[in-house]
Structures are given as structure tokens and as C-alpha cells.
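Trainee: have a look at this prediction, sequence included:
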Amino acid sequence: MQRARYNLFMWILGSFKMEAMFFFLPGLLGMVVAMAFPHFGDTSLIYGLIATALIDSGHVYTTFWRTFFHPEERNSSRAYWLIPLAIFIFFFGWYFSKLPGLWSFVVYSTLFHHVRQVYGFSKWYQALNKRTDKISDYFLYALAVGPIFIYHFRPDAIGNYYSSGDLFLYPDFQVYRSLLFVYSVILVGWIMYERRVWLSGRKEINRVLSVGFPAMIYAFSFFMGKTVSQILFPLLFLHGIAYCGVMGLSLQKTRGGWFSTISKSLLIVCGTAVFFGLLESWLEGGFVGENRRLKGFIPSLVVGLYLTPLYCHYLFDAMIWKR
């Protein structure tokens, strides 16, 4: 009983209140907005500015506080200088060569990055609980990746984000219905498994929420979302705001000065996200959007520069959070 009570208060940000503010309520808010305003468009202010600019694009740049602007981390590996150059050359060459699949690669790697974040949080909770749960990991992957995979067979699925046909869709109602049944069986299996764990005395509320909450958001987005904004709004809120929360915590623990308290750290991180999110949104609207329809040296240069910060964020994350 004492161990169960101890695990009840094992939160990454120090309290359930902070966890709810950054991990749970944002995704729930995104889902509520998508349900309450089912007809708001993909070009609406609330989606284009808040979701994609401030939260999605903005959170990418907060990584640089933990890498380039972090002297000890920056000097720990030459990768921090070589990776951006390699990423730029890779995407410049891909776009310049006119090979297909670039924007599909961006979409699928972004989805992979999102799933890995929720998996990372769940493993973090397991570390706090001092108990590894591989079965929970399998359920998490099934309940997060499952809706993404099943969506490809949904009859009214939308396959465009950066360009037309970003997703490789195979709409088929019978297949879609069959996969929904399989997903339902897995969901019931997870509930039964967690019930058994709970009755055994392990009251790991943090880990259970780290599986169940993302599962709910992913199911809503890919099974119920009918527009690009409805599908992505909850996902972007779930991912971007949670990332700002853990980045604030990380900087508070690894840096002094400006980041001496969690409140100061979060203020700087959120301010960075707002500033650079708005800047990238302006650049994308004025330059990148047009260049995605053009070919040649200059458009390839623009696309390469546009994607470099995003993939630095993906790869640097894999380095710093794994450690």
C-alpha cells in the first residue's frame, strides 16, 4: 500500500497539476475545439496561427536552448555541427533531384516523432515507478500507431498536408471496419490488463494515463477527424505543449541563471516558441509555400533551409532525451 501511494505522486513535472497543464489538458482542449467547431477550416486563424505556428513550428526551436545554446551539451559532440549540414544537404539534394516522396517522408517521420514522444513519456514514468512494463509498451504502440495505420483504409481519409497525396491511402470500407474491430479488441485487452495490474496493488496512475490519454487523442483524430485541422489540432496540442513543459524542466535542472526556476524556464521556452513560430509562419507563407511548387536551385535551397531546423529537432531529441 505504501509503494502504491508513493507511485501515485510520481510525476515528471513534480505534480499532477503541472502534468495536467502541459500533458493532458492541451490535447483534451484540442479535441474539444475540434468537436465544438467541426466546420472551422484548415486556413482558419485558430488552426493556422495557434496550432501550426505557435505550437507546432514554435516548439521545434526550443530544442536549441538544450543544444546549441547549452555550452556543455554543444561541446560534448561534433554531431551538433555536422548534423545540420548533413540534413540540409540531404533535403536540398532530394528536392533538387526532383525525386518523389519528399513530403510523404516528412509527414510519416513527423508521425513517428510524435509516437516516440508519448512512448518516451511512458518509459519516463516507468523509471519513476521503478518498474519496467514491456506489455504496457506494446499496448501503447498498438493504441497509438494503430489509428494511424487504420486511417489509411478509411473511406473518407484525407491524404494531403504539405502537398496532394502525402499519405499512401487505400480506402476500403470492409478493411477499415475489420481493422476497427481488431483495434477494439486490443483496447479491451489493455483495459483488462490494467485492471489486473491495479488489483495486484500497483497503482501506477501516471503510466496508465501515459497510455490511455494519447490513445484517446489518436483515436479521436484518426477515427473521427474529418478535415486536416480536425485531425491535427489535438495531435499538435498534445505534442507541442508537452514538449515545452519537459524542455522547461530540463533547462531548469541543467542550467542556472535565466533558468534557475521552473517558472522562469517555462517563460523563456514558451516565449521562444511564440517568437520563432510566428517567424517561421511568416517565412513559410511568403517563401516556402510558393517554392514547394517550383523546382531549381533557389527553391531547393529554401526547402532545405526550411526543413533543417525541424529535423535537427527530431535528431537532437533522440540524442538528449535518450541520455
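Mentor: Yep, it's here. Numbering: from 1, shown residues only.
Trainee: now do the helix or strand containing residue 197: which elements does it pack against?
Mentor: Counting by DSSP states H and E, the element that carries residue 197 is helix 173-199. Of the remaining helices and strands, those touching helix 173-199 by 3 or more Cβ pairs under 8 Å, 6 or more residues apart in numbering; DSSP states H and E are helix 134-151, helix 205-224. Quick note: C-beta positions are derived from backbone N, CA and C, even for glycine.
Trainee: so who does residue 231 touch?
Mentor: In this structure, residue 231 makes contact with 158, 221-222, 225, judged by Cβ atoms under 8 Å, 6 or more residues apart in numbering.
Trainee: how does it look with 7 Å?
Mentor: Going by Cβ atoms under 7 Å, 6 or more residues apart in numbering, residue 231 touches 221-222, 225.
Trainee: what does residue 160 give?
Mentor: Shown here is residue 160, whose contacts under the criterion Cβ under 7 Å, 6+ apart are residue 166.
Trainee: which SS class is it?
Mentor: Taken by DSSP: H, G, I helix; E, B strand; the rest coil, the conformation at residue 160 corresponds to coil.
Trainee: and for residue 244, the neighbour number?
Mentor: If you count neighbours by other Cβ atoms under 10 Å, residue 244 ends up with 21.
Trainee: per-residue pLDDT, the closest residue in space to it that isn't next to it in sequence?
Mentor: Taking Cβ to Cβ, 6 or more residues apart in numbering as the measure, residue 244 lies nearest to residue 269, with 5.1 Å between them; neighbours along the chain are not counted. At residue 269, the model reports a pLDDT of 86.
Trainee: cool, and residue 249?
Mentor: Residue 249 is assigned a pLDDT of 85 by the prediction.
Trainee: quick one on the thing from earlier: and which of the contacts of residue 231 is nearest to residue 108?
Mentor: Distance ranking of the contacts of residue 231 against residue 108, using Cβ to Cβ, places residue 222 first at 13.8 Å.
Trainee: the closest one and residue 229, how far apart?
Mentor: For residue 222, the distance to residue 229 under the criterion Cβ to Cβ, to the nearest Å works out to 14 Å.
Trainee: between these two, which one's more packed in?
Mentor: More neighbours surround residue 229 than the other of residue 222 and residue 229, with 22 against 19 (other Cβ under 10 Å).
Trainee: name the element the more buried one belongs to?
Mentor: With secondary structure defined by DSSP H and E, residue 229 is part of helix 228-254.
Trainee: circling back to that earlier point, tell me the contacts of the residue nearest to residue 244?
Mentor: Each residue near residue 269 by Cβ under 7 Å, 6+ apart is listed here: 62, 65, 244, 247-248, 251.
Trainee: what about it, which SS state?
Mentor: helix.
Trainee: before we move on, what about residue 163?
Mentor: coil.
Trainee: and for the closest residue to it other than its chain neighbours, the neighbour number?
Mentor: Residue nearest to residue 163 in three dimensions, not counting chain neighbours: residue 103, with 4.7 Å by Cβ to Cβ, 6+ apart. Neighbourhood size, residue 103 [other Cβ under 10 Å]: 19.
Trainee: what does residue 101 give?
Mentor: Around residue 101 there are 12 other residues, counting by other Cβ under 10 Å.
Trainee: from residue 190, how far off is residue 31?
Mentor: Computed as Cβ to Cβ, the residue 31 to residue 190 distance reads 19 Å.
Trainee: low-confidence regions, the stretch 151-300 of the chain specifically.
Mentor: 282-294 (pLDDT under 70).
Trainee: please repeat the previous calculation with a cut-off of 80.
Mentor: 160-164, 254-262, 277-295 (pLDDT under 80).
Trainee: do the stretch 1-150 of the chain as well
Mentor: Within the stretch 1-150 of the chain, the stretches with pLDDT under 80 are 1-9, 34, 36-55, 70-71, 73.
Trainee: run the last query once more with 70
Mentor: 1-9, 38-49.
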